[in-house]
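Participant: Return a 3D structure for these sequence lines:
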Amino acid sequence: MNLQPRYFNYIKNGTKRIELRLNDEKRRQLQLGNTLVFTSSEGESLSTKITGLLYYQDFVSLFQDFPIELLSDATMSKAELLNVLNEFYPAEKQRHYGVLGIRIEP
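Facilitator: Down below sits the predicted model:
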């Protein structure tokens, strides 16, 4: 999965432990124990293990159950992260597919 450098570094530094995506056809193939490789737009890569799959109707619902420190980094607010996610995944797509929190560990 491709990530912007900011979010890639959050995973690399160990702060971001839940990756957030639409639960589209591609993500429905993910299973516990799978290796998930993240790449940054700067060409760096990082392998992680999937330790949990969290299914929600939308990101707002998911955000109610987890602190920002697991979703990105304490330097971001939930509102800021939600705005970023809504740019990538509009509300109608979230309603159509649902969203997925992918628990990861290095």
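Participant: Check for me that Leu100 belongs to a helix.
Facilitator: No. Counting by DSSP: H, G, I helix; E, B strand; the rest coil, one finds Leu100 to be strand, located in no helix.
Participant: ok, it to Asn13 distance?
Facilitator: According to Cβ to Cβ, to the nearest Å, Leu100 and Asn13 sit 22 Å apart. The C-beta positions use only the backbone N, C-alpha and C, and glycine is treated the same way.
Participant: Neighbour count: the two, which is higher?
Facilitator: For the pair Leu100 and Asn13, the greater number of neighbours falls to Leu100 (20 against 9), based on other Cβ atoms under 10 Å.
Participant: Contact partners for the residue nearest to the more buried one when sequence neighbours are not counted?
Facilitator: Take Leu100 and drop its neighbours on the chain: the residue closest to it by Cβ to Cβ, 6 or more residues apart in numbering is Asn23, 4.2 Å away. With contact set as Cβ atoms under 8 Å, 6 or more residues apart in numbering, Asn23 has these partners: Tyr55, Tyr97, Gly98, Val99, Leu100.
Participant: can I assume the last one is in contact with Ile50?
Facilitator: No. If you go by Cβ atoms under 8 Å, Leu100 and Ile50 don't touch, sitting 10.5 Å apart.
Participant: Common neighbours of these two, please.
Facilitator: Joint contacts of Leu100 and Ile50 (Cβ under 8 Å, 6+ apart) are Leu30.
Participant: next one: the strand ranked longest in the chain to chain centre, how far?
Facilitator: In the chain, taking DSSP state E as the definition, the longest strand is strand 45-56. Relative to its chain's centre, strand 45-56 lies at 8 Å (Cα atoms, centre = their mean, to the nearest Å).
Participant: who does that strand touch, helix- and strand-wise?
Facilitator: Using 3 or more Cβ pairs under 8 Å, 6 or more residues apart in numbering; DSSP states H and E, the elements in contact with strand 45-56 are helix 5-12, strand 35-40, helix 59-65, strand 99-105.
Participant: strands paired with that strand, and their directions?
Facilitator: strand 35-40 (antiparallel), strand 99-105 (antiparallel) (DSSP bridges).
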